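In: curious how this folds, go ahead:
(chains A, B, C and D)
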Protein chains: 2
Amino acid sequence: MSALDLAAIFLALVGLVGWLNVRFFHFPTATAMVLVLKSSLHAIDFDRCRRMQRDPPTGKITIVDIARAAGVSIKTVSRVINQEEGVGDETRARVLEIVTTMGYRPNVSARSLSSRRSYLIGVIFMRVGAYHYVGEVQVGAMRACRRAGYHLVVEQVLPPEAVGGVQGFAEGLRDARFDGVVLTPPTCDDPEVLAAVETAGLPYVRIAPHREFERSPYVFMDDRKAAREQTLRLWNMGHRRIAFIDGPADHGSATRRRQGYIEALRDRGVELRPEWIAKGEFLSLSGFDATERLLALPERPTAIFAANDEMAVGALAAAAKHGLSVPRDLSVVGFDDTPTAEAAWPRLTTVHQPTAEMAEAAVEMLIDGFGDERLRARVAARQLDYSLVQRDSAAPPPA
Amino acid sequence: MSALDLAAIFLALVGLVGWLNVRFFHFPTATAMVLVLKSSLHAIDFDRCRRMQRDPPTGKITIVDIARAAGVSIKTVSRVINQEEGVGDETRARVLEIVTTMGYRPNVSARSLSSRRSYLIGVIFMRVGAYHYVGEVQVGAMRACRRAGYHLVVEQVLPPEAVGGVQGFAEGLRDARFDGVVLTPPTCDDPEVLAAVETAGLPYVRIAPHREFERSPYVFMDDRKAAREQTLRLWNMGHRRIAFIDGPADHGSATRRRQGYIEALRDRGVELRPEWIAKGEFLSLSGFDATERLLALPERPTAIFAANDEMAVGALAAAAKHGLSVPRDLSVVGFDDTPTAEAAWPRLTTVHQPTAEMAEAAVEMLIDGFGDERLRARVAARQLDYSLVQRDSAAPPPA
DNA sequence: GACATTTCCGACAGCGGTGTCAGTAATGAC
DNA sequence: GTCATTACTGACACCGCTGTCGGAAATGTC
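Out: This next block holds a predicted model:
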């Protein structure tokens, strides 16, 4: 029982009950007493503050401690913490000061229990095998999270062949209570995954989806345009026989990149030869095989544009096998700018995909969206810029 | 009984019931008061129920619903959920049944607020740039987490050169309230990081640390022995001039691998030639350079053992440059079994490091440790097995 | 059958915040 | 000066679960 309660009862006893208001604490005629009570609180608080600073700051400081120290209610502290309005400048400053000197950090569990926010963002992957991509996504997402005081939880949808793939994922989704999730390809186009996320009622942003663009906000880059530029770069170096190693048919970005390649050739009035487009699977080995086929053509290409870096590396290997020196005898360019591209020999000329930035943007969109009504309602898309990376694997064709 | 109740009773006694605001409590007489007090709680509940029904009837099933449905108290439901003892078989079965049919999932925030467990495990990385490694760690860690109903949060310690590296990390650590964290190299040997984790009072397990082994539990594999076997494999193929490409001096596993290499040669009575150990930096290019130096030796080695796959790939490139066919003219082996090894041309013979399994074990150790007194007190280590991976880059030396 | 132990279960007080709503002081309008 | 507003602040219920403790029923003991 607090001093205030006691006082209230006391007043009642001495016959001042009539003055009692609904709350025990407001006594119009006993203003002095309230003041005294308040100031006595102040006295206690300084003491407490000092003790806190002296003693090991056992991270056990709660909002109550701050409120007491500042001589305000916990609600006011809460307001300050959450940057709500309706707090006087002076009060705000005092609270903030105490918060920092006492090193107070709100308890996330309590906060999320009462506010229904977990301060957790999930990133959903299918195969964590696309290591570089996953890593970049995480770096970017983490950046955005940290800025906003969020944390990043990684969640994997097991690939279809695994038992209980989406099942286990959906369950995890339900009790993790994410504030929102970021879907990376290919999960961002997986109907089951989308359904799971939507039934869980979670806001989500997709990265580089390739269909149902109106279904949710998303982030993307213009693969087609980038591929077009990449092709034109070769053209401008003087190449006229430019081959393309395609990616898997069901892979959206592969398709868009192929379109860009085709478009560039069309632009330059080159008749498109089907045999110049070799099937690939986005894997190094498939790039190797494709290159062998291309090099076996009667009119051998002078440049090869692989739809991703890994296949480009395969192309380099094939070139080496055929005794071709890159870029002297053959130019090879890739796409994505993975570490492989930098590590390859020769270092690969490629297109930098702003993966980290896309993830960062996605998380930002999520967090921004929490403010007003759930983001999913409004559809938004954010486009990020690629950039051409000039390294050592492309040069003008042999004279 | 709260101060409020006391006051109310007192007021009632002194006959001032009439003064009481309706909104405060509504009780006609003192006797009725207690009842009203209790039932007022119920009233609130009904209110709440109605609100619930009006508002999106989202599957917000709580422990109360289950308890009501099962005709038991919420505590009993809690016991069943948490597999505590002290519940009759029949009761337990009934509750479990209802839980599953109603699809109840406990609210993580509430749970962690009252139990001080967050069901969150953090994995700490420094450079997410070691993509393959990071990916593998996550896959393994996630496996263990999902099994135990935990979630995996990735946390990055910015490298020393970045502003506020450990600083920002430590703050994140404080409010994320992890139940435990897994430290991956090189964070597992970083004094600042260790200090941050320890002052946060978090249990942690390190993966492949290379000093202060008694400081915490950890998981590791025997790099030295693996490297020894890898070397002996070459020896057994008939190689007698086996060179080694070393890693960075401050890198524990590089050191251990070198030791294994040296040990193997000693075992076979080979005089160790310092020039056969070439400095490398764990990067592709450094493997390339090192190989060039090795190939320039008067007595050219017939096999090269690179301390990691990336350098081995560099070695392959150097071999190609010198017109040497691998493995016919030169054998090259790596270490780690990263995807690069599989993607290289020829596919790299290497040592498989059970990265995912190590992470899985680390998380398991953490979760197991939560049961009894905090794990850090007891020091434990778990060793995992490597395995030799035979691919195409090693063969008997040319006759 | 009386009494001591277990076994099983429930009431209730937190956990540490946020949301709601009511109240006071200060300000503006007339 | 009175009354309506506005700005600021506080009390308290509540979020959904776990921990503690005590009571009732079932069981064991002699």
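In: do you know how far the spatially closest residue to A:Arg117 that is not a sequence neighbour is from chain B?
Out: Spatial nearest neighbour of A:Arg117, chain neighbours left out: A:Asp179 (5.5 Å); criterion: C-beta to C-beta, 6 or more residues apart in numbering or on different chains. Using the backbone N, CA and C atoms, a C-beta is placed for each residue, glycine as well. Separation of A:Asp179 from chain B (C-beta to the nearest C-beta, to the nearest Å): 12 Å.
In: wait, doesn't A:Asp179 sit right on A:Leu366?
Out: Yes. Look at A:Asp179 against A:Leu366 with C-beta atoms under 8 Å: they come within range, at 7.2 Å.
In: ok, these two, which is more surrounded?
Out: Ranked by neighbour count (other C-beta atoms under 10 Å in any protein chain shown), A:Asp179 and A:Leu366 place A:Leu366 first, with 27 against 19.
In: need phi/psi at the more buried one.
Out: Backbone dihedrals for A:Leu366, given as degrees, to the nearest 10, come out at phi -60, psi -50.
In: so for stretch A:95-112, what's the average pLDDT?
Out: The pLDDT scores in stretch A:95-112 average 89.
In: contacts only, for the closest residue in space to A:Ser73 that isn't next to it in sequence.
Out: Of all residues not flanking A:Ser73 in the chain, A:Ala67 sits nearest, at 5.8 Å (C-beta to C-beta, 6+ apart). Counting by C-beta atoms under 8 Å, 6 or more residues apart in numbering or on different chains, A:Ala67 makes contact with A:73-74, A:76-77.
In: so which bits of the strand or helix carrying A:Ala67 are buried?
Out: For A:Ala67, the element it lies in under DSSP states H and E is helix A:63-70. By 16 or more other C-beta atoms under 10 Å in any protein chain shown, the buried positions in helix A:63-70 come out as A:63, A:65-70.
In: quick revisit: please give me every residue in contact with the residue nearest to A:Arg117.
Out: Counted by C-beta under 8 Å, 6+ apart, A:Asp179 has contacts A:117-121, A:150, A:202-203, A:366-367, A:370.
In: ramachandran coordinates for it?
Out: Dihedral angles for A:Asp179 - degrees, to the nearest 10 - are phi -80, psi -20.
In: that one and A:Met142, how far apart?
Out: 15 Å (C-beta to C-beta, to the nearest Å).
In: swap in A:Leu234?
Out: From A:Leu234 to A:Met142 the distance is 36 Å (C-beta to C-beta).
In: which residue is the nearest non-sequential neighbour of the spatially most central residue of chain A?
Out: Centroid check for chain A by C-alpha atoms, centre = their mean gives A:Ala141 as the closest residue, at 2.9 Å. Once flanking residues are discounted, A:Ala141 sits nearest to A:Ala359: 4.3 Å by C-beta to C-beta, 6+ apart.
In: so the one you found makes contact with A:Val137?
Out: Yes. Assessed by C-beta under 8 Å, A:Ala359 is found in contact with A:Val137 at 4.2 Å.
In: anything in contact with each of those two?
Out: Overlap of the contact sets of A:Ala359 and A:Val137 (by C-beta under 8 Å, 6+ apart) consists of A:123, A:182, A:184, A:207.
In: among those, name the ones in strands.
Out: Among the shared contacts of A:Ala359 and A:Val137, the members falling in strands (DSSP state E) are A:123, A:182, A:207.
In: for A:Ala306, grab phi and psi.
Out: Per-residue torsions, A:Ala306: phi -90, psi 140 (degrees, to the nearest 10).
In: any idea how far DNA strand D is from it?
Out: According to C-beta to the nearest atom of the strand, to the nearest Å, A:Ala306 and DNA strand D sit 52 Å apart.
In: residues of chain A that sit close to DNA strand D?
Out: Within chain A, the positions lying close to DNA strand D (C-beta under 7 Å from any atom of the strand) are A:4, A:23-25, A:71-76, A:79, A:85-92, A:110, A:113-114.
In: ok, and of those residues, which contact DNA strand C?
Out: Filtering the residues of chain A next to DNA strand D for neighbours of DNA strand C using C-beta under 7 Å from any atom of the strand leaves A:23, A:74-75, A:110, A:113-114.
In: B:Gly201 versus the residue nearest to the centre of chain A, what's the distance?
Out: Using C-beta to C-beta, A:Ala141 is found at 27 Å from B:Gly201.
In: kindly report the same for A:Leu265.
Out: To B:Gly201, A:Leu265 is 63 Å away according to C-beta to C-beta.
In: those two: which is more packed in?
Out: Comparing A:Leu265 with B:Gly201 by other C-beta under 10 Å, the one with more neighbours is A:Leu265, at 21 against 12.
In: host element of the more buried one?
Out: helix A:252-267.
In: quick check: the residue in the stretch 201-350 of chain A that DNA strand D sits nearest to vs A:Lys75, distance?
Out: Nearest to DNA strand D in the stretch 201-350 of chain A, going by C-beta to the nearest atom of the strand, is A:Gly201, at a distance of 13.6 Å. As for A:Gly201, its distance to A:Lys75 is 29 Å (criterion: C-beta to C-beta).
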